[in-house]
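1. sequence and predicted structure, then a few things I'm wondering about:
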Amino acid sequence: MRAWREAAAAHKPGIMRLLVLADIDASHWKWETAAVDAVVSCGDVPVSLILDAAEAHRCDTILAVKGNHDGAAPFPGRIVDLHLRTHRCGDLVFGGLNGAWKYKPKGHFLYEQSEVEQFLSKFQPVDVFVSHNSPRGIHDRQDGVHCGFEGLASYIGRAAPALLLHGHQHANNETNLGSTRIVGVCGHRIVEARRPSR
């Protein structure tokens with residue numbers, strides 16, 4: 001399995017190919033497959049689909065955060081929960097953040113802006129940051145629900161991850177902020193990640 005993936009990606013050494021998932025209602029993978037090094041879920045994706053996507057792509061590495069429509073149950077053991085944690089994959093260090101802005105009184109993974117500022121104020125720099133929500137002012141919407149996180153924007157300014165992946169905004173967007181490439185995903189997309197020179 002791993003040999004197939006490595007052989008297929010050998011033409012781009014030093015690069016990880018990530019299958020990024022976000023905001024998908026389907027319970028099973030029904031799209032094309034390709035050689036990828038990791039499956040990364042940005043939240044609001046059924047666990048059954050995450051696992052099925054990994055199986056279809058013959059991929060052993062699964063990283064994820066939860067979205068505001070996900071249940072509170074922990075991920076099964078095969079899925080690495082990145083919420084406020086780091087995880088090394090090859091040459092890249094990943095970190096992540098669950099949830100969305102607290103747009104209603106009750107719900108899973110809903111946070112006040114001040115909470116996110118506190119969460120990320122001392123979070124270590126990583127190469128790839130995976131979030132359900134977008135940074136404030138980047139790809140977000142002023143609709144009372146899809147407001148980005150100010151603390152995430154502050155983290156980018158301080159830690160400068162090479163790549164930030166997010167969902168929640170139900171649009172495919174890409175923006176550069178300083179040295180950080182910010183990619184918003186709705187559905188699925190293959191994104192290449194490279195460790196920056198530090």
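-> On my side now, so go ahead.
2. so for the residue nearest the centre of the chain, what's the pLDDT?
-> Most central in the chain under C-alpha atoms, centre = their mean is V130, positioned 3.0 Å from the mean C-alpha point. Looking at V130, its pLDDT is 98.
3. quick one: low-confidence parts of the protein?
-> Scanning the chain for pLDDT under 70 picks out the ranges 1-13, 196-198.
4. please identify the buried residues of stretch 18-28?
-> 18-24 (16 or more other C-beta atoms under 10 Å). No exception for glycine: its C-beta is placed from N, CA and C like everyone else's.
5. repeat for stretch 88-108
-> Neighbour-count burial for stretch 88-108, counted by 16+ other C-beta under 10 Å, picks out 89, 92-102.
6. measure that stretch end to end?
-> End-to-end span of stretch 88-108 (C-alpha to C-alpha, to the nearest Å): 27 Å.
7. how distant is that stretch from the center of its chain?
-> Centroid displacement of stretch 88-108 relative to its chain, using C-alpha atoms, centre = their mean, to the nearest Å, is 7 Å.
8. same check on stretch 181-192?
-> Put simply, stretch 181-192 sits 9 Å off its chain's centre (C-alpha atoms, centre = their mean).
9. what are the bridge partners for V20, then?
-> Beta-bridge partners recorded for V20 (DSSP bridges): V40, R189.
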